[in-house]
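build me a structure from this.
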Amino acid sequence: MEPHLLRTFVAVARLGSFSGAARELGYTQSAVSQHIAALEADLRTELLTRRPVAPTAAGERLLEHAGPLLLRLDAARADVLRLAAAPPGRVTLAASPLAVGPALLAALPVTGVTLRVLPPDQVPAAVATGGCDLGLVDGLAAPSDPLRLPDVAPLTVTGVGEETLAVLFPAGHPLAARASVRLDDLTDARWLDAPGVGLPLTAARGALRYDGTDLLALCALAAAGHGLVLLPRRVAEAAGAGVAVPLAAPRLVHRTELLSPGTPTGAAAALAARLAAGSPYDSRPHARDA
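So this is what the prediction gives:
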């Protein structure tokens, strides 16, 4: 399968339109049709129905493979170009919203860094494909356990911080007066669905969905009674709204990890060292391939 044919197929399937894919990719509509026909001939099966334009069962299966394959190709290209380029004097750092805490802000130099705040699931890909030099991603983990990261490309991963957790309740909630809570106490609770910023708990059907990355807005929604949210304790207590109650069980922490494509050099290496050394939390550095 030729990568350019696969990219065309993904665009047509996503947009549901040959003409839309042509505009997005800068091809003629005829060229897009030829790409799809060539890919179907190669695989000896129909991948798209034409009216309406939609993936067939075989097309759906190919889409499951296409995203990771294309991402790996982009990551390989970025890795080679990174080696060939002169060491840059400026560093681009991607960070998920909950990773932008005191440790990060204290470690940033006054100049020379561009900070991009992205949803957690986008940070590994941004680093792997060369969009950013370093990344900080966060999530839930057992103490000292690494995060489960998507398999986008070989990345060097270093743990830089672990924090305790708290549930943010609206004032007047029956559990807001407790000294601590267990997740078992909240089996029937309604959780806010906030994939871009919140820690991943299963939201109840019909729960309010927040697609932003603004922590103040998320905390305000929780304080107004639209649903509970699990946060690093420092964030929940600093929200200025609602009541933060520490999580007692299960034994989970908010973990932050630093991602880099191999061994950083130049300005990226200096910033990585500052980030790894600057965490005020219980930090257990380690490295692995993601």
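
which residues in the protein form helices?
3-15, 18-25, 29-43, 57-84, 102-107, 123-128, 215-223, 233-237, 266-277 (DSSP state H).

CSV for these, including mean neighbour count, distance to Arg182 and mean pLDDT?
Using the backbone N, CA and C atoms, a C-beta is placed for each residue, glycine as well. Compiled in CSV, the helices of the chain are given as follows (neighbours: other Cβ atoms under 10 Å; distance: least, Cβ to Cβ, whole Å; pLDDT from 0 to 100):
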stretch, mean neighbour count, distance to Arg182, mean pLDDT
helix 3-15, 19, 42, 92
helix 18-25, 18, 48, 93
helix 29-43, 16, 51, 92
helix 57-84, 14, 37, 79
helix 102-107, 16, 28, 86
helix 123-128, 25, 30, 92
helix 215-223, 20, 18, 94
helix 233-237, 19, 15, 94
helix 266-277, 18, 33, 89
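
relative to Ala207, which of those is closest?
Nearest of the helices of the chain to Ala207, taken as Cβ to Cβ: helix 215-223 at 10.5 Å.

which elements pack onto the closest one?
Helices and strands touching helix 215-223, by 3 or more Cβ pairs under 8 Å, 6 or more residues apart in numbering; DSSP states H and E, are strand 165-169, strand 229-232, helix 233-237.

of these, which is nearest Leu252?
So among those, strand 165-169 is nearest, using Cβ to Cβ, at 6.1 Å.

helices and strands around that closest one, which ones?
helix 215-223, strand 229-232, helix 233-237, strand 243-249.

tabulate those (TSV), appending distance to Leu93.
Formatted as TSV, the helices and strands packed on strand 165-169 follow (distance: least, Cβ to Cβ, whole Å):
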stretch	distance to Leu93
helix 215-223	18
strand 229-232	19
helix 233-237	19
strand 243-249	28
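
circling back: so which of the helices of the chain comes closest to Gly172?
It's helix 215-223; of the helices of the chain, that one is closest to Gly172 (Cβ to Cβ) at 10.5 Å.

centre of the chain to that closest one, how far?
Distance, stretch centre to chain centre, for helix 215-223: 20 Å (Cα atoms, centre = their mean, to the nearest Å).

can you tell me what sits against that helix?
With contact meaning Cβ atoms under 8 Å, 6 or more residues apart in numbering, helix 215-223 is reached by 97-98, 168-171, 192, 194, 197-198, 208, 210, 212, 227-229, 231, 235-236, 239-242.

of those residues, select the buried ones using a PyMOL command.
This is how PyMOL selects the buried members of the contacts of helix 215-223, with burial counted by 16 or more other Cβ atoms under 10 Å:
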select buried, resi 97+98+168+169+170+192+194+197+198+208+210+227+228+229+231+235+236+239+242
